[in-house]
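# Pasting the sequence and the predicted coordinates here, then a few questions.
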Amino acid sequence: MRKWIAGAALAMTAMAGSAMAEGHGDYPERPLMMMVSYGAGGATDFQARIVTMTAGNEDALQMPVAILNRAGAGGRVGWNWFATEAETDGYTLGAYNVPHFIAQSIEGGVDYSVDSFEPIANWGADPAVFVVAADSDFNSMADVVAYATQNPGGLTFSGAGLFVGHHIAALQLEKAAGVELAYIPNNAGGAGAMRAVIAGEVLGGVNNLSDAFRAREAGTVKILGVFDLERNAFLEDVPTMMEQGYDIDNASVNFRGVMVPAGTDPAIIDHLAAIVPTMFENGRVQSRMEAGGSPMHIMTRDEVIEMWAQRQETLEALLADL
Amino acid sequence: MEFLFYMGDVFTPLNFGLLLLGTIGGLILGATPGLSPTMTVALLIPFTFKLEPQQGLILLGAAYTSTVAGGAVSAILLKIPGAPANIATTLDGHTMAQKGDGAKALQVSFIASAIGGLFGVLLLIFLTPVLAKWALAFGPSELFWLAILGVTVIGTLDSSSVVKGLLSGCIGLWLATIGFDDIMGAQRFIFHSSLSGGINVIPALIGLFAIPQVIGMLAKGRKGNDAEIITVKRHPIGAAFREVFSRKRALSIGTAVGSIIGLIPGVGGQIAGLVAYDQSKKMSPDSAKFGTGHPEGVIAAESANNAMVGPSLVPLLTLSIPGSPTAAVLLGGLLIHGIFPGPTLFAQYPQVVWPFINSMLIGQILMCVFGLLIAGWAANVARVPPAVMAAIVLSLAVFGSYSVQHSMGDVYVMMSLGLSMFFLERFGFSAAPLVLGLILGPIAEANFIQGAMIANATVGQLTYFFTGWLNWLLIAIVVMSVGYSIWMELGQRRYTTKEDASV
Amino acid sequence: MSDLPRSQHIIASGLIAGVGLAVAYISFTQEPADAFVFPRLISSVFAALAIWTFVKAAMGRTKVGAGLSGLEMRNMLPGLGIALVYAFWAAKELGFYTATTITFFILLTIYDPAPHGAVSTWVKRVLITAGFMAVMYGLFAVLLNVFTPREIFS
């Protein structure tokens, strides 16, 4: 009985707790909000919820961070809102996905660019991988490219959308292997793209390493290559594209992190830039991310600024050919 | 029978406490306008951090089950569907409540939910491997035809005129194209910055259903109130059980449609209730009674809604693919505890998975018990004077639509759509087909574009969309459904002509 | 069918037909064409059905829809005005809780049939408003942690 009451009380306080947390000092005085431009349950949303779970701690922001999903059109809806309408009072944070938002801003038709946002810190780097169904005849990238050479434009493969990391990886593959491929953007994001591969609707797919790792554990896919500079700790046995003879760098690696809209008070940015990375280093955060198969890659504000500038350059060059 | 072995785990004091908490909390949150089951489960995930995996999942399972049923409460009492799943419930449920039969409507809805829900979870327990194949059978071409099938339902759904029903559906389909398109990212029909994110379904639902009703109440004016004092009839629970079991047709159509459609990734949960409602109406000898407060409408809609809960988790648990937004959120709940769904899930983590599934089973029963307990009392909402009711619904609509995305734009969209819908309803249009168009538009479009891209790279569009038994089956049903609508329209015309002649 | 609903039907269906044609026009003129394939299809059907409805209304053959009587319009106008001001202006500018309290109270005052003269009526109205606001605050602010605009108190 006592255990019962304890359990109920625990859950009750947990439910009310976040609202009751009291703040001291100037900033933050009330709970913060973090906009995620993908739907609840997606990889970005899931990781954002984990990395912000300790925000209310004494040694962190001392205020909880609530996740707010504004999904649609590969992230454009959320980032457009963040660039044009979000408050610059420091209480509205956003999650970024690079190369997605940079590629979209280069392609045009959106109201944001790298100058619209101020990065705070980076928490993760999820490389793209090439997957095929577990019963596929393809066993290496060479098989895939051979098929594509025989059937120009006939190799269908799925990805999470246009001008997102997966699409960048697809463009790089086409260019490096010198073949024409049929990239099929999926409207249901990475999960939808993975489903298309497993169900055999497409011959292959580009997907997130974290999701592909999980699918391989479930025995539904084979992973043929990683679109990164080196092999990943989660997938020691999978060679990089470079190892298989395709000149592909890490431009498609999906960097996820926290940012605020441009125009936010520099003092607040500095405050966040100092504290947020330590939040990511928290042991509980790290173990949850590890358990979920999500590779972490913590970067400070200065490192992220540099990474953004570098991506801007690479992507401009890559997309100029389109 | 392995699930029986783990049944005891659900009844340990702590776990059962969490189960109760999840069920009651889920009912309350589910009944809150603007909070869909997906958002409710997402809100609860952080609280499971502090719990053991088994306990966390029990909480989530119970909450998922009862939020779906809780949505019926606001649908029946306030005519605000909590989520797309509850749209069909408003059609007859709210009419019943207005007539003073709210207690009956709620009781019937909870019993039908529990029966459908139990059936769905039992499917999940016994037929998971078989069902997993079915869930994968729906590719872009099949989903496209399924969406088209949904569109054909539009004409006969809750509208006395097929043409106006279809026109309402077209308006919905058009509204769905506003904003960035999902695949190309091009901007379409963005007349105002509130629309740049497109029209979010939940605020649209709230506006389209709740606001016309608020304005309708206001239109009756200050004096009109005395005329309609509603006596809320008491309804014995035993009679409710007899009522549900005497409507076997609606109950079985609802359960079957919900289970089958619930499996289909991305589509199921949202349209199961509407399709089941429409099918029951077409197959019922007293189809004219639908929409006038007929219990069969509530039974079909709610049994379908909850029947979809179990099957919707099949692709997640077996293939690690979330088939619905809520399943995607639950996936997060599993991953946080280091549990990877997949074929080995049941062998590796039986002590987590089975209690999770059992919690949904027991949750259905608890939800039904609580629902029946509050039904008689909650039905008194119908006695609230219209002036107070209008003010309450208006405020809930504003708060509910804001809380979905913390966006004033959604409030503006909600209000504008609601105001337009009030006038449209007065001229013979109805909200249900419009919402169905809004939901199905993106599914039809995205799958058509994807299918066309795959087809162009491989076999050609004609072959791609018109071969395969599942495509043929769906096309055949589409043709039948259209034929039925035309027959209805002609029949109606004959009927009205006869009436004109007799006058 | 009396003349009032008939002319109302003509106006209403005319407006819808206008929207339908406008949507069709935009769909067929906007670029990129690829992104407008689906809108073109929908808007064609939309416009066709809307014109059909308009023609039927003009011929007086509309069978469903009661239209709006003058009395109903007079009744709803003040409340509708308040509701619109509330949703489009007050909620954001005054803050959700302030605006809701005011709107709620005014709507009760206008539409509640209890006599304005009695003190008990006013006590009841204040109590109902306060009780409702307490529930809303508990649900949205405390339990769900929704941060609504609260301009005048920030």
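Thanks, I have it. Residues are numbered from 1 along each chain as shown, chains lettered A, B, ... in the order given.

# Please see if the helix or strand of chain C with the lowest mean pLDDT touches chain B.
One helix or strand of chain C scores below all others by mean pLDDT, DSSP states H and E: helix C:3-29, with a mean of 84. Yes: contact of helix C:3-29 with chain B (C-beta under 8 Å from any C-beta of the partner chain) involves C:8, C:9, C:12, C:13, C:16, C:20, C:23, C:26. For every residue, glycine as well, the C-beta is placed using N, CA and C.

# Chain C contacts on the stretch 351-500 of chain B?
So far as C-beta under 8 Å from any C-beta goes, the stretch 351-500 of chain B lies against chain C at B:385-388, B:390-392, B:394-396, B:398-399, B:402-403, B:406, B:408, B:411-412, B:414-415, B:419, B:423-429, B:441, B:444-445, B:448-449, B:496.

# Phi first, then psi, for residue A:120.
phi -110, psi -60 (degrees, to the nearest 10).

# What about it, how many residues nearby?
27 (other C-beta atoms under 10 Å in any protein chain shown).

# Same question for the one 4 residues further on.
Burial of residue A:124, expressed as a neighbour count using other C-beta under 10 Å, amounts to 25.

# Next one: residue A:266 from residue A:250, what distance?
Distance, residue A:266 to residue A:250, by C-beta to C-beta, to the nearest Å: 31 Å.

# quick one on the thing from earlier: just checking, which of the residues of the stretch 351-500 of chain B next to chain C belong to strands?
Counting by DSSP state E, those place none of their members in strands.

# What about those residues, which are in helices?
Residues of those located in helices (DSSP state H): B:386-388, B:390-392, B:394-396, B:398-399, B:402-403, B:408, B:411-412, B:414-415, B:419, B:423-426, B:441, B:444-445, B:448-449, B:496.

# coming back round to it: with neighbour numbers in mind, choose between residue A:266 and residue A:250.
Shown here are residue A:266 and residue A:250; by other C-beta under 10 Å, residue A:250 has more neighbours (22 against 9).

# if I pick residue 53, what's in contact with it?
Because you didn't say which chain, this covers chain A. A:284, A:285, A:288, B:46, B:49 (C-beta atoms under 8 Å, 6 or more residues apart in numbering or on different chains).

# ah, no, chain C please
B:163, B:164, B:167, C:13, C:16, C:17, C:62 are the contacts of residue C:53 under C-beta under 8 Å, 6+ apart.

# Can you give me the pLDDT of the second one?
So that's residue B:164. At residue B:164, the pLDDT value in this model is 84.

# In which helix or strand does it reside?
Assigned by DSSP states H and E, residue B:164 belongs to helix B:162-176.

# if you skip the residues just before and after it, what's nearest to residue A:49?
Excluding the flanking residues, the one nearest residue A:49 by C-beta to C-beta, 6 or more residues apart in numbering or on different chains is residue A:67, at 5.4 Å.

# my read: the one you found touches residue A:51, true?
No: the pair residue A:67 and residue A:51 fails to qualify as a contact (C-beta atoms under 8 Å) at a distance of 10.3 Å.

# quick one, which of these two is more surrounded?
residue A:51 (29 against 21).

# Not counting residues beside it along the chain, what's closest to the more buried one?
Closest to residue A:51 by C-beta to C-beta, 6+ apart is residue A:123, at 4.8 Å.

# and that neighbour, that one's in a strand?
Yes: judged by DSSP: H, G, I helix; E, B strand; the rest coil, residue A:123 forms part of a strand.

# That one is in contact with residue A:296, isn't it?
Yes: here residue A:123 reaches residue A:296: they are 6.3 Å apart, a contact under C-beta under 8 Å.

# Return every residue with contacts to both of these two.
residue A:280.

# The two: which has the busier surroundings?
residue A:123 (27 against 19).

# need the contact list for the more buried one.
Residue A:123 neighbours (C-beta under 8 Å, 6+ apart): A:47, A:51, A:256, A:257, A:258, A:280, A:296, A:297, A:298.

# what's the pLDDT at it?
So residue A:123 comes in at 93 (pLDDT).

# And for residue A:12?
44.

# so how many other residues sit close to the spatially closest residue to residue B:218 that is not a sequence neighbour?
The shortest distance from residue B:218 to any non-neighbouring residue, by C-beta to C-beta, 6+ apart, is to residue C:79 (3.7 Å). Neighbour count for residue C:79, taken as other C-beta under 10 Å: 25.
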